[in-house]
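Undergrad: coordinates for the following, if possible.
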Amino acid sequence: MPTDTDYLAALEAWKQKRLANLKAPEGWLNIIGRWQLDVGSVTVGSADDNDILLSAGPPHLGTLTQDEAHEVTFAPANGSAPIHVVPNKKAPPRFLVEGLLVEITTINGENALRIRDTNSAAPQALREIQSFPADPAWRIVADWVPFDAPKGMMIDTTGDILTQVQVTHKAVFTHAGQRYELIATHGTPEAPQFVIKDPTSKDSTYPASRFLYGEEVTDTTIVLDFNKAINPPCAFTDFAVCPLPPPKNVLPFRIEAGEKRLG
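TA: Predicted coordinates:
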């Protein structure tokens, strides 16, 4: 465990990186729309004669076609070579066309078009994210306990879309003498993601949830640093679909650490 001074300095650097990532071209502050895709072709652009009408970009961006296999081809209106993409749930393909970052997202095998405006002024409008005062005591080393076998779990989302995930571990820790468990429903083996909620959601933090990524994962332990509990993407844009916490991850005590709700 680093000294409190070292820890607080590292936490401040982490906060600055977090803000920079939000403001980046692939961040969550410049999204201008999300549209569900069906089999067939649609035209995309800012002119009124398009099937998908954009609030930014050229009058005619191009034509997007989804085939029966749910693979997608985008033909730019400027005559550039068509772009063929194979949707990937874990790493949605994206490509840049005339200042717009075009992305194909996939949930439950269904694709959607999501577009970011790389010239948007919105990222610079976010100066900071309010947080609770940093407290090293909220950095907890938990037991990292595997299930006997991976379990399928249904997770609801802010878009009312039920998704199924495979869970393999739970983090077990104590707070105020009581034992609690959190289930990692997303993320990677190196950075398991916990979708959590606690009573601060009633007055201080984003009402739906916050995200927490485990750190320093070993075979038996995982660090839960609640000072790094963050707002989910749907706190920043209406065009994100975010998982909601499973019942086990709704904690009964206030976690006055990490990011507060915006505004």
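Undergrad: okay, R127: pLDDT?
TA: What the model reports for R127 is a pLDDT of 88.
Undergrad: and for V145?
TA: We note a pLDDT of 98 for V145 in this prediction.
Undergrad: number of residues surrounding it?
TA: If you count neighbours by other CB atoms under 10 Å, V145 ends up with 13. Every residue, glycine included, has its C-beta placed from N, CA and C.
Undergrad: next: G263.
TA: 5.
Undergrad: mind listing what it touches?
TA: For G263, no contacting residues are found, by CB atoms under 8 Å, 6 or more residues apart in numbering.
Undergrad: grab the nearest non-local neighbour of the spatially most central residue of the chain.
TA: Centrality entry for the chain: nearest residue to the mean C-alpha point is P233, 4.8 Å, by CA atoms, centre = their mean. Spatially, and ignoring its direct neighbours in sequence, P233 is nearest to A240 (3.8 Å; CB to CB, 6 or more residues apart in numbering).
Undergrad: pLDDT below threshold where in the stretch 1-150 of the chain?
TA: Low-confidence segments of the stretch 1-150 of the chain (pLDDT under 70): 1-2.
Undergrad: do a quick rundown of the helices in it.
TA: Assigned by DSSP state H, counting those that start in this stretch, the helices in the stretch 1-150 of the chain fall at 4-23, 122-125.
Undergrad: now the shortest one, how far from the centre of its chain.
TA: Shown here is helix 122-125, whose average C-alpha point lies 18 Å from the average C-alpha point of the whole chain (CA atoms, centre = their mean, to the nearest Å).
Undergrad: and that helix, what's buried?
TA: Judged by neighbour count (16 or more other CB atoms under 10 Å), helix 122-125 contains these buried residues: 122-123.
Undergrad: same thing with the longest one?
TA: With burial defined by 16+ other CB under 10 Å, the residues of helix 4-23 counted as buried are 7, 11, 15, 19, 22-23.
Undergrad: export those to a markdown table and tack on distance to L244?
TA: Output for the buried residues of helix 4-23, formatted as a markdown table (distance: CB to CB, whole Å):
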| residue | distance to L244 |
| --- | --- |
| Y7 | 31 |
| L11 | 27 |
| K15 | 25 |
| L19 | 25 |
| L22 | 21 |
| K23 | 26 |
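Undergrad: quick one, strands of the stretch 51-200 of the chain?
TA: 52-53, 62-66, 72-76, 83-85, 94-97, 100-107, 110-117, 139-155, 163-175, 178-183, 186-187, 192-196 (DSSP state E, counting those that start in this stretch).
Undergrad: which other residues reach the fifth one?
TA: Just to be clear, that refers to strand 94-97. Against strand 94-97 from outside (CB under 8 Å, 6+ apart): 26, 61-62, 74, 76, 78, 80, 83, 85, 101-104, 118.
Undergrad: quick one, phi psi at the residue of the chain most remote from its centre?
TA: Relative to the centre of the chain, the most outlying C-alpha is that of G79, 33.6 Å out, by CA atoms, centre = their mean. The phi/psi pair for G79 (degrees, to the nearest 10) reads phi 90, psi 0.
Undergrad: how much space separates it from G62?
TA: Distance from G79 to G62, counting by CB to CB, to the nearest Å: 10 Å.
Undergrad: who touches T73 in this structure?
TA: T73 neighbours (CB under 8 Å, 6+ apart): 64-65, 67, 82-85.
Undergrad: and the furthest pair within those?
TA: Maximum pairwise distance in the contacts of T73, criterion CB to CB, is 14.1 Å, between D67 and I83.
Undergrad: higher neighbour count, these two?
TA: Applying other CB under 10 Å to D67 and I83 shows that I83 carries more neighbours, namely 16 against 12.
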